[in-house]
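*Asks:* Kindly return the folded structure for what I paste below:
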Amino acid sequence: MQTSPIQRTRLAARFGAVCSAAVIIGLSGCVETPPTRLDQTPADHSIGPLETPVVVDSNIGTCFARDTTPAVIETVTEQIMVQPAVVRSDGSVEQPAAFRTVTRQRILRERREVEFETPCGHVQTPEFIASVQRALVARGYYRGTITGAIDTRTVSAIERFQTDQNDVHTGVLTLKTARSLGLVALPRDQL
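*Replies:* Prediction:
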């Protein structure tokens, strides 16, 4: 598949963001933090872009992650009549109509920062990522070799799967995505 320089730049930026998130998530798994619940998070505590994600429950390995979803922009090009055609009385055109091309962009979905639960770094081993890739292959989203690493193909496949599942489509593995793929058990209250 041929990619344009803009697509390669976007993929490289997305891959860099995923790698950064994986490093941050991986570091959070090394810190012993008492489990907290979402409704018990102090009001003044916020997760900044460079802060370590808050551990939700270290026993099952869920953490928070933060990512920015891209804006969806539509480019519309249309012809606008500047001057109507001049038509003679016999119906022949003396002077054709004059048009100008106008191109404008419209934002369909704003760029936004989202926060979501994700498996912690110590859970995302190469074996786990290989299982993610195999689950995406079985569902027709991934067409690469099983490497056990989060590469651009894996990120794209995760994002396509998330879009179809109405999950945040960031390309970062969310807990909801992992559960939808059958890789993380559902809590008893959701069975």
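*Asks:* Can you classify V137 by secondary structure?
*Replies:* Secondary structure, DSSP: H, G, I helix; E, B strand; the rest coil: V137 is helix.
*Asks:* neighbours around it, how many?
*Replies:* As a burial measure, V137 scores 15 neighbours (other C-beta atoms under 10 Å). C-beta: built from backbone N, CA, C; applies to glycine.
*Asks:* pLDDT wise, what is T174 at?
*Replies:* For T174, the pLDDT comes out at 87.
*Asks:* just A135 next, same as before
*Replies:* pLDDT at A135 comes out at 94.
*Asks:* from memory it sits against L183, does it?
*Replies:* Yes - if you go by C-beta atoms under 8 Å, A135 and L183 touch, sitting 6.3 Å apart.
*Asks:* Now do the SS call for S89.
*Replies:* Put simply, S89 is coil when judged by three-state DSSP.
*Asks:* Kindly provide the distance from it to P70.
*Replies:* Taking C-beta to C-beta, to the nearest Å as the measure, S89 falls 56 Å from P70.
*Asks:* in this structure, which spans are strands?
*Replies:* 55-57, 62-69, 72-83, 86-87, 93-95, 98-109, 112-119 (DSSP state E).
*Asks:* Note down every partner strand of the last one and its orientation.
*Replies:* Paired strands of strand 112-119, with direction, are strand 62-69 (antiparallel) (DSSP bridges).
*Asks:* Kindly report the same for the fourth one.
*Replies:* Using DSSP bridges, strand 86-87 pairs in its sheet with strand 93-95 (antiparallel).
*Asks:* now the strand it pairs with: mean pLDDT?
*Replies:* Taken as a whole, strand 93-95 has an average pLDDT of 92.
*Asks:* That strand: which residues count as buried?
*Replies:* Within strand 93-95, no residue qualifies as buried by neighbour count (16 or more other C-beta atoms under 10 Å).
*Asks:* Which stretch among the strands of the chain is buried most, on average?
*Replies:* With neighbours defined as mean count of other C-beta atoms under 10 Å, the strands of the chain peak in mean count at strand 62-69, which reaches a mean of 20.
*Asks:* and the angle for it with strand 98-109?
*Replies:* Between strand 62-69 and strand 98-109, the angle comes out at 170 degrees (axes from the mean of the first three to the mean of the last three C-alpha atoms, to 10 degrees).
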